[in-house]
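> any chance you can model this:
(2 chains)
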Amino acid sequence: AQSVTQLDSHVSVSEGTPVLLRCNYSSSYSPSLFWYVQHPNKGLQLLLKYTSAATLVKGINGFEAEFKKSETSFHLTKPSAHMSDAAEYFCVVSGGNYQLIWGAGTKLIIKP
Amino acid sequence: DGGITQSPKYLFRKEGQNVTLSCEQNLNHDAMYWYRQDPGQGLRLIYYSQIVNDFQKGDIAEGYSVSREKKESFPLTVTSAQKNPTAFYLCASSILRMNTEAFFGQGTRLTVV
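Here you go, the predicted structure:
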């Protein structure tokens, strides 16, 4: 069975400093992995996805994530945080049956 | 512009009432989904449909019903049997292929008053 764990419920960083949002997954086969972002009271927007091509995936708004099979991780990073990055971020793994398995989310707080 | 439209954005329901949330997509996607979002719990799947006139229960289908009479439309009814309906509801769609991403509407916030 597939599952995903986001290791931090909240992450707080200062504007201009790096962002790291951690995600570990469990899958019985080679999965696809996604990061979505949700701003308050809004729908979800796809940031990036990994589908067994390059292990370093670049997304929108300067975010990227690295698929590490040996560590079963798919952490999301950004070199320099911006105030507009404040949102909730979800790590998602493909369920193998046309469904997506969602992490509980990490709330990113940006301090001025 | 292609996308998914959910309406209304905010909905208030009295206890004991049924309410229907609308979801329409013009992306020509075969698959559509309804999720419920509560604080700190991520998204939980209520129902999904992969083809017109067919749908499947997700993890938390009790107290909800859906229909899929048209490819573009997948309305969700929150019935009086749903004991705790106050939540943010998200509709999504995708092409029918394994390991593909879903596209989301802007959500409907339902509050029981």
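
> helices or strands up against the lowest-mean-pLDDT helix or strand in chain A?
Ranking every helix and strand in chain A by mean pLDDT, DSSP states H and E puts strand A:100-102 at the bottom, with a mean of 89. Here strand A:100-102 touches strand A:3-6, strand A:87-94, going by 3 or more Cβ pairs under 8 Å, 6 or more residues apart in numbering or on different chains; DSSP states H and E. For the C-beta atoms, the positions are set from N, CA and C on the backbone; glycine is no exception.

> can we see that at 6 Å?
Where contact means 3 or more Cβ pairs under 6 Å, 6 or more residues apart in numbering or on different chains; DSSP states H and E, strand A:100-102 is packed against strand A:87-94.

> and the very next helix or strand once past the least confident helix or strand of chain A, what's buried?
Counting by DSSP states H and E, the next helix or strand C-terminal to strand A:100-102 is strand A:106-111. Neighbour counts using 16 or more other Cβ atoms under 10 Å in any protein chain shown place A:106, A:107, A:108, A:110 of strand A:106-111 among the buried residues.

> got phi/psi on the most centrally placed residue in chain B?
By Cα atoms, centre = their mean, chain B has its centre lying nearest to residue B:34, at 2.8 Å. Note on residue B:34: backbone dihedrals following degrees, to the nearest 10 are phi -120, psi 130.

> residue contacts, it?
Residues in contact with residue B:34 (Cβ atoms under 6 Å, 6 or more residues apart in numbering or on different chains) are B:46, B:47, B:76, B:91.

> beta partners for the third one?
Judged by DSSP bridges, the bridge partners of residue B:76 are residue B:21, residue B:66.
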